[in-house]
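Asks: kindly generate the corresponding structure for this input.
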Amino acid sequence: MNSKSMYPRISLILVATVILGTGSVTFPRSECYQDTSKTYNPENGHWYQRIDTPMRWHAARDYCTALGGHLATIGTASENDFVYNLASGGGWLGATDEAQEGVWQWVTGEAWSYTNWAPHEPNNGVWPGHDGPYEHYLNFKPEHPGQWNDVPDHESPFICEWESSTPADLARLAVGKQYNLAIGDLTTKGWDNTNHRFMNPEEITGLDCSGLVYWAYNKAYGATRYQDRNNPVFFEGADGQYRNNTAAISEDELRPGDLLFFDWNGDGYIQHVAMYVGDNLVVSAQSRNAENCPGTIAIFNLGFIKAWRGFVGFRRIASPTTELQIQAHSPVNLVVTDPNGNTINHETHGSLKSGLVSGIEVNSRYERETNCDE
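Replies: Predicted coordinates:
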């Protein structure tokens, strides 16, 4: 079993229910299965996940496709080792010779260049109780670690692969992590300030609601600086993301990665944001759950969450806009007062997230904090 953190079982049940509703796959109901979380391969930048729910080869192929990936394909010996270790000894891979016996093809159409067949394989043999089709599907051979076998169609665990992670993919990976609002702590935005990079999913310990959006988008798009005009999400807070980093869309236009915004108090200020991740599911980070227990990052049905008090609409990430920029040596003394009466001017000294500020310097910024829940 993979040692990395796993999806909470409740999230798996929700996903299973939605997919069942589409009629695309059928899950056994009599047993409990616990899939691994997505695991990153730094060699090729791809993500993999072992799905423990046994399925026939075509159902497994369609399941991975529905999740935005594909059954795992293997192009090198090192990738084979990586996938085999994740598979824990066996699982469907994304290759078949059902179109023409002996002509193996990957589901992605990529070149069939690397192979690692076990001795005397493939042999297109017949298994007891299987009249056909014969052995047209690729799996690992348990008695030959890491080597391949052609086998007939049957129910088996399998490996899905994603060649890149979208913001919605990353938001799903954060499900089960703690809600964390520690103002001034950049880890709540998914930033590793020691190594100056956005964290990998397994490194996340807790995020606040806008931090979930901030991390998922900037990590997915390979941002290398905490705040940069080239980052897809520049604004850290929910209100800033609503007003200056998104554009309104209708529910009919929803696609994975789009956002839902909430004004809990009805005062025109946005306190909460959540992300639509597809399959009528939304990922939300909040300080309390329905039982008023300490919060986590959780997954909800879209119809349920949009009925929450204060829902103001759906929006999609757009290029960030700012109302004012002050260049170095500009002959302007700027005084800013926020809605709470706090004022900063050229004599103000303080520590903001971007560093020590003396007055207002190039790229310095003042932003009202929100706890994403109250």
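Asks: only C-alpha atoms from now on, for both contacts and neighbour counts.
Replies: Noted.
Asks: need phi/psi at residue 217.
Replies: Backbone torsions of residue 217, given as degrees, to the nearest 10, read phi -70, psi -50.
Asks: grab the nearest non-local neighbour of residue 189.
Replies: Spatial nearest neighbour of residue 189, excluding adjacent residues (C-alpha to C-alpha, 6 or more residues apart in numbering): residue 211 at 4.0 Å.
Asks: cool, and residue 280?
Replies: residue 302 (5.1 Å).
Asks: quick one on the thing from earlier: so the residue nearest to residue 189 is in contact with residue 188, correct?
Replies: Yes. Applying C-alpha atoms under 8 Å, one finds residue 211 in contact with residue 188, separated by 5.8 Å.
Asks: check contacts around residue 248.
Replies: Each residue near residue 248 by C-alpha atoms under 8 Å, 6 or more residues apart in numbering is listed here: 313, 314, 315, 316.
Asks: neighbouring contacts of the helix or strand where the last one lies?
Replies: To tie it back to what came earlier, the one meant is residue 316. Residue 316 belongs to strand 311-317 when assigned by DSSP states H and E. Here strand 311-317 makes contact (C-alpha under 8 Å, 6+ apart) with 232-233, 242, 245-251, 254, 257-264.
Asks: recalculate using a threshold of 10 Å.
Replies: With C-alpha atoms under 10 Å, 6 or more residues apart in numbering as the test, strand 311-317 has contacts from 213, 217, 232-233, 241-242, 244-264, 266, 268, 270, 272-276, 305-306.
Asks: find residues that contact each of residue 211 and residue 188.
Replies: With C-alpha under 10 Å, 6+ apart, residue 211 and residue 188 have common neighbours 179, 180, 181.
Asks: show me what the closest residue to the first one other than its chain neighbours is bridged to.
Replies: Spatial nearest neighbour of residue 179, chain neighbours left out: residue 296 (4.6 Å); criterion: C-alpha to C-alpha, 6+ apart. Each beta-bridge partner of residue 296 is listed here, defined by DSSP bridges: residue 178.
Asks: if I pick residue 296, what's in contact with it?
Replies: Here residue 296 is in contact with 174-180, 206-208, 284-289 (criterion: C-alpha under 10 Å, 6+ apart).
Asks: where's the dip in pLDDT among the residues you listed?
Replies: Least confident of the contacts of residue 296 in the model: residue 289, at 56.
Asks: below-threshold pLDDT in the chain: ranges please.
Replies: Applying pLDDT under 70 to the chain flags the ranges 1-34, 37, 126-133, 183, 288-294, 322-374.
Asks: now the buried members of the contacts of residue 296.
Replies: Among the contacts of residue 296, the ones that count as buried by 16 or more other C-alpha atoms under 10 Å are 174-180, 206-208, 284-287.
Asks: next, give me the two most distant ones among the residues you listed.
Replies: 174 and 287 (14.9 Å; C-alpha to C-alpha).
Asks: residue 217 versus residue 241, what's the distance?
Replies: Using C-alpha to C-alpha, to the nearest Å, residue 241 is found at 12 Å from residue 217.
Asks: okay, those two: which has more neighbours?
Replies: More crowded of residue 241 and residue 217, by other C-alpha atoms under 10 Å: residue 241, with 27 against 24.
Asks: now the more buried one: closest residue in space, sequence neighbours ignored.
Replies: Here the residue nearest residue 241, using C-alpha to C-alpha, 6+ apart, is residue 235, at 5.5 Å.
Asks: hang on, the earlier thing: paired strands for the strand holding residue 316, with orientation please.
Replies: strand 246-249 (antiparallel), strand 259-262 (antiparallel).
Asks: with only the CA atoms kept, save the last one in PDB.
Replies: Same thing as strand 259-262. The C-alpha coordinates for strand 259-262 follow below in PDB (Å, rounded to 0.1, in the frame of the first residue of the first chain):
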ATOM      1  CA  LEU A 259     -15.200  29.000  -8.500                       C
ATOM      2  CA  LEU A 260     -18.300  29.600  -6.300                       C
ATOM      3  CA  PHE A 261     -18.200  32.700  -4.100                       C
ATOM      4  CA  PHE A 262     -20.100  33.500  -0.900                       C
END
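Asks: relative to the whole chain's centre, how far out is that strand?
Replies: 18 Å (C-alpha atoms, centre = their mean, to the nearest Å).
Asks: do the same with the first one
Replies: Relative to its chain's centre, strand 246-249 lies at 21 Å (C-alpha atoms, centre = their mean).
Asks: spit out the contact partners of residue 116.
Replies: 74, 76, 77, 80, 140, 146, 147, 148, 149.
Asks: just the buried ones from the residues you listed, in ChimeraX syntax?
Replies: To isolate the buried subset of those in ChimeraX, counting by 16+ other C-alpha under 10 Å, use the following:
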select :74,80,140,146,147,148,149
